[in-house]
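# model this:
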Amino acid sequence: MTMTARPIAAFAALAAVWAGFAPPAIAQEAEAPPTPATVSGGPSTASCPSGLPDGVRCWRGGTTQGAFYWVAIPKDWNGSLVVHSHGGPRTGTPEIDDPVEDLQRFAVTLREGYAWIGSTYRRGGYGVRMAAEDTDIVRRMFWTLFGKPKRTILHGQSWGGNVAAKTAELYALDAEGGRNYDGVMLTSGVLAGGTRAYRFRADLRAVYQYYCHNHPRPGETQYPVWQGLPAGARMTRAELTARVNACTGLDKPADRRSPEQAAALRNILAVTKVPEAQLVAHLAWATNLFQDMVQQRLGGRNPFDNSRTIYAGSDDDAALNAGVERFAADPAAVAQLAYDADLSGLIMLPTVTIHGIDDPTAFVSMEAAYRETVERAGRSDLLVQTYVREAEHSKLSTPQYAALLEALSNWIETGERPEPAGIAATCEAKAPAYGEPCRFEIDFRP
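Next up is the predicted model:
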């Protein structure tokens, strides 16, 4: 059937099917069917995008909640499913083909024999519990359409790591205590929780404004920087980039920046520790994402606090600390953000993670925060963390994901907890088939 821009009437008939989300009583041993089960308003066959293994079959559809999803099943399906939680958050309106990028990026799951399903979530913008619910909805949809897989693995990438970890905390078990998921794989995850993961970007906005005075400019509507933007305001990435370039000369070679630009850039980077190449990206999150988080999720209240922060590393720390914009968090906003996005560490499932040591977007210290959270909950026996010497975030070397998947699957099957050294060895065995290197550092601990 022809898909429309939004799933309205075409998917209304799914309500009766998805209302209870109880998977049918079917055999545990799954085989790839030629087509999904026939349900009113079900997914339509789609042409698989480039970059997938030969013989993969694809479908796409929409949920009654307003999210879109894609399904891909390889020719030689091993009977297991990967449910994918994408990163972001994406602030635009979801479109039906948005999952394609993640499907292509993580085509390794298909090459390793796993089926794949991923959701756009029902709306753009922040909301970890919302995204977790939408993730579990498409898991249930796959079970209804194709039968319950031999095992179901939850995969979260970047902010999707926060989403997947929250999904595992909320939906690991059904009402009778049965497992909805068998294991969790978190890659480059934003795992510090909502109240901790974004503090540095609030600091970045304050420090940037102290040196640049152009976000907002003096002649524009003034607002506290923790808002990101005032309600209803809009700023494109290009507009933000122009402001950063005007202040710091970021778009110029170092020897062509004015002394004022060079000083501003040097101080901003030294104080915030944000990589130069990622300055605009982090400021963009602290602009449009902060606006969405504060206005749409927190009722305009402030979850950030720098009232007692001492900034260091600039040419004149005393002047910076005396002149930087200060703000105190609203306890209700902090509590609401914590409820939505913080993690308890009460994991029920075997969980493996991988993170680039020099990740410029989700800093590797996020893994230390998650490790401490899980340790406090007394669940460390279910967590194995691995690290690779890469300065990448969105896509690490491919055989590393393949090794993680195999280690997690073996853990689920045998109950034997893997060690980072064994995962690294598995990666080396798989590397020739993928033509990419393995970069595990098994003794690293952030």
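
# for the one helix or strand G156 maps to, packing partners?
Assigned by DSSP states H and E, G156 belongs to strand 151-157. Counting by 3 or more Cβ pairs under 8 Å, 6 or more residues apart in numbering; DSSP states H and E, the packing neighbours recorded for strand 151-157 are strand 80-85, helix 128-146, helix 159-171, strand 183-187, helix 398-414. (C-beta placed from N, C-alpha, C; glycine too.)

# just checking, what packs against the first one?
The contact analysis (3+ Cβ pairs under 8 Å, 6+ apart) places strand 80-85 against helix 99-105, strand 115-119, helix 128-146, strand 151-157, helix 159-171.

# and it, which strands flank it?
In the sheet, strand 80-85 lines up against strand 115-119 (parallel), strand 151-157 (parallel) (DSSP bridges).

# equivalent analysis for the fourth one, please.
Take DSSP bridges as the rule and strand 183-187 pairs in its sheet with strand 151-157 (parallel), strand 351-356 (parallel).

# contacts only, for the closest residue in space to G87 that isn't next to it in sequence.
Nearest residue to G87 in three dimensions, chain neighbours excluded: S158, at 2.9 Å (Cβ to Cβ, 6 or more residues apart in numbering). By Cβ atoms under 8 Å, 6 or more residues apart in numbering, S158 lies in contact with 86-88, 187-190, 361-362, 393-394.

# distance of the residue lying farthest from the centre of the chain relative to G249?
Ranked by distance from the centre of the chain (Cα atoms, centre = their mean), the top residue is P259, with 38.2 Å. Relative to G249, P259 is positioned 10 Å away (Cβ to Cβ, to the nearest Å).

# so where is the chain shaky, pLDDT-wise?
1-35, 37-41 (pLDDT under 70).

# per-domain residue ranges of it.
9-192+354-375+384-434, 195-338 (automatic domain parsing).

# out of the helices and strands packed on strand 151-157, which comes closest to G435?
helix 398-414 (8.4 Å; Cβ to Cβ).

# residues of the helix or strand that that closest one is followed by that come out buried?
Using DSSP H and E, the helix or strand that follows helix 398-414 in sequence is helix 420-434. By neighbour count on 16 or more other Cβ atoms under 10 Å, the buried set for helix 420-434 is 420, 422-427, 430-431, 434.

# now these in TSV, with distance to R234?
Shown next, in TSV, are the buried residues of helix 420-434 (distance: Cβ to Cβ, whole Å):
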residue	distance to R234
P420	45
G422	50
I423	45
A424	46
A425	51
T426	47
C427	44
K430	46
A431	46
Y434	42
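
# what is the nearest of those to L343?
Distance ranking of the buried residues of helix 420-434 against L343, using Cβ to Cβ, places P420 first at 21.7 Å.

# do you know how far R205 is from H282?
From R205 to H282 the distance is 9 Å (Cβ to Cβ).

# who's more crowded, the two?
A count of neighbours by other Cβ atoms under 10 Å puts R205 above the other of R205 and H282, at 26 against 19.

# before we move on, the earlier item: distance to L405 and mean neighbour count added to the strands paired with strand 183-187, as CSV?
Formatted as CSV, the strands paired with strand 183-187 follow (distance: least, Cβ to Cβ, whole Å; neighbours: other Cβ atoms under 10 Å):
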stretch, distance to L405, mean neighbour count
strand 151-157, 7, 26
strand 351-356, 9, 25
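
# make JSON lines from those strands and add distance to D174 to it.
As requested, those are exported to JSON lines (distance: least, Cβ to Cβ, whole Å):
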{"stretch": "strand 151-157", "distance to D174": "12"}
{"stretch": "strand 351-356", "distance to D174": "19"}
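
# check the secondary structure at the closest residue to V71 other than its chain neighbours for me.
Residue nearest to V71 in three dimensions, not counting chain neighbours: W59, with 4.5 Å by Cβ to Cβ, 6+ apart. Three-state assignment for W59 (DSSP: H, G, I helix; E, B strand; the rest coil): strand.

# return the residues in contact with W59.
Applying Cβ under 8 Å, 6+ apart, the residues near W59 are 36, 43-46, 70-71.

# how much space separates it from A72?
For W59 relative to A72 (Cβ to Cβ), the value is 8 Å.

# likewise for L110?
Relative to A72, and taking Cβ to Cβ, L110 is found at 6 Å.

# before we move on, the earlier item: out of the contacts of S158, who has the most neighbours?
V190 (30 neighbours).

# so how many other residues sit close to S50?
The local packing of S50 (other Cβ under 10 Å) involves 8 other residues.

# got phi/psi on it?
phi -70, psi 160 (degrees, to the nearest 10).

# which ones are touching it?
So, once contact is read as Cβ under 8 Å, 6+ apart, S50 ends up touching Q104.

# quick one: it from L170, how far?
35 Å.

# check G113 too.
G113 is 28 Å from L170, where distance means Cβ to Cβ.

# you'd agree G160 is up against V83?
No: contact criterion Cβ atoms under 8 Å: G160 and V83 do not qualify, at 10.7 Å.

# which one's more surrounded, these two?
Comparing G160 with V83 by other Cβ under 10 Å, the one with more neighbours is G160, at 29 against 26.

# got the contact list for the more buried one?
Taking Cβ under 8 Å, 6+ apart as the test, what G160 contacts is 84-88, 131, 189.

# could you dump these into CSV with distance to A263 added?
Shown next, in CSV, are these (distance: Cβ to Cβ, whole Å):
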residue, distance to A263
H84, 44
S85, 41
H86, 39
G87, 34
G88, 34
A131, 41
G189, 35
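
# between these, which sits nearest V100?
H86 (10.9 Å).

# test my guess that that closest one contacts L103.
No: with contact defined as Cβ under 8 Å, H86 does not reach L103; the gap is 9.9 Å.

# shared neighbours of those two, which are they?
Both H86 and L103 are contacted by G118, under the criterion Cβ under 8 Å, 6+ apart.

# ok so, going back, mind checking which of the strands paired with strand 80-85 is nearest E406?
strand 151-157 (11.3 Å).

# from the chain's centroid, how far away is the closest one?
For strand 151-157, the separation from the chain centroid amounts to 13 Å (computed by Cα atoms, centre = their mean, to the nearest Å).

# stretch 334-347 now?
Relative to the centre of its chain, stretch 334-347 is centred 16 Å away, using Cα atoms, centre = their mean.

# before we move on, what about stretch 324-333?
26 Å.

# how long is that stretch end to end?
22 Å (Cα to Cα, to the nearest Å).

# what comes into contact with that stretch?
By Cβ under 8 Å, 6+ apart, the residues outside stretch 324-333 that reach it are 202, 206-207, 209-210, 224-226, 294, 298-299, 301-307, 311.

# before we move on, the earlier item: dump the domains of the chain into CSV; add distance to P446 as well.
As requested, the domains of the chain are exported to CSV (distance: least, Cβ to Cβ, whole Å):
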stretch, distance to P446
domain 9-192+354-375+384-434, 4
domain 195-338, 14
